[in-house]
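J.: My questions are about this predicted structure, shown below with the sequence.
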Amino acid sequence: MPTIHRDSAALFLKESTTATHEIDSLFKEYRGNTTKVLALATGATTLFGFNDSIGRPYYFLALIAYGGAVLCAMRIFWPRPWKVNVAADAEEAIAADANAALTPTKVMFDLARGYQDAFRHNSAVITDRAGVSDTFEALVLLSSSVVIIGGLGVVFG
């Protein structure tokens, strides 16, 4: 490995931790917004349930869409593998390398690479196909469908 300047390693570590914390907060935002969207769908389903449209096809379609929205919310809140503590094995690595020239710069650089790995892994959980972002889009679509289908049931009921 080429020689790395301490300031460069510190900057790399700072930027890597910032990126990882940003993706962590994005995941929390998805979960928070999921709660809000599902609450709106629940309210719409309840509102249309008090209408005289119960037993009509539109009401059943709205309930099916609501069920799909609930499944999407469950998928978003389902526990997922998430990298948080990139320094979990640092103590073992430092102890194993006790006789080697383990400088603070190398430790910072290795931690930064760990944060980069965590960022790649955690962002894949959000952005991969059928990941959190795709599931959230489906949740919004299904929740909107509850409102639209329920509204059509009221209009045509």
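T.: Ah, there it is.
J.: Quick check: which helices or strands does the helix or strand of the chain with the lowest mean pLDDT pack against?
T.: When the helices and strands of the chain are scored by mean pLDDT, DSSP states H and E, helix 90-96 comes last with a mean of 71. Contacting helix 90-96 under the criterion 3 or more C-beta pairs under 8 Å, 6 or more residues apart in numbering; DSSP states H and E are the following elements: helix 104-127. All C-beta spots, glycine's among them, are computed from the backbone N, C-alpha and C.
J.: Show residues contacting the helix it packs on.
T.: 4-6, 9-10, 12-13, 15-17, 19-20, 23-24, 26-27, 30, 80-84, 86-87, 90, 93-94, 131-133 (C-beta atoms under 8 Å, 6 or more residues apart in numbering).
J.: Which helix runs longest in this protein?
T.: Counting residues, the longest helix found in the chain (DSSP state H) is helix 6-49.
J.: ok, how many other residues are close to the closest residue to Leu26 other than its chain neighbours?
T.: The shortest distance from Leu26 to any residue other than its chain neighbours is 6.5 Å, reached at Ile126 (C-beta to C-beta, 6 or more residues apart in numbering). Ile126: 17 surrounding residues under other C-beta atoms under 10 Å.
J.: go on, Ala95?
T.: The number of residues packed near Ala95 is 8, by other C-beta under 10 Å.
J.: quick one: low-confidence ranges for the chain?
T.: 1-2, 50-55, 94, 97-101, 157 (pLDDT under 70).
J.: how does it look with 50?
T.: Scanning the chain for pLDDT under 50 picks out no residues.
J.: Need the residue closest to the centroid of it.
T.: Phe27 (3.3 Å; C-alpha atoms, centre = their mean).
J.: measure that one to Asn85 for me?
T.: Per C-beta to C-beta, to the nearest Å, Phe27 is found 16 Å from Asn85.
J.: what's the angle from the helix or strand encompassing Tyr59 to helix 6-49?
T.: Using DSSP states H and E, Tyr59 falls within helix 57-77. Relative orientation of helix 57-77 versus helix 6-49 (axes from the mean of the first three to the mean of the last three C-alpha atoms, to 10 degrees): 160 degrees.
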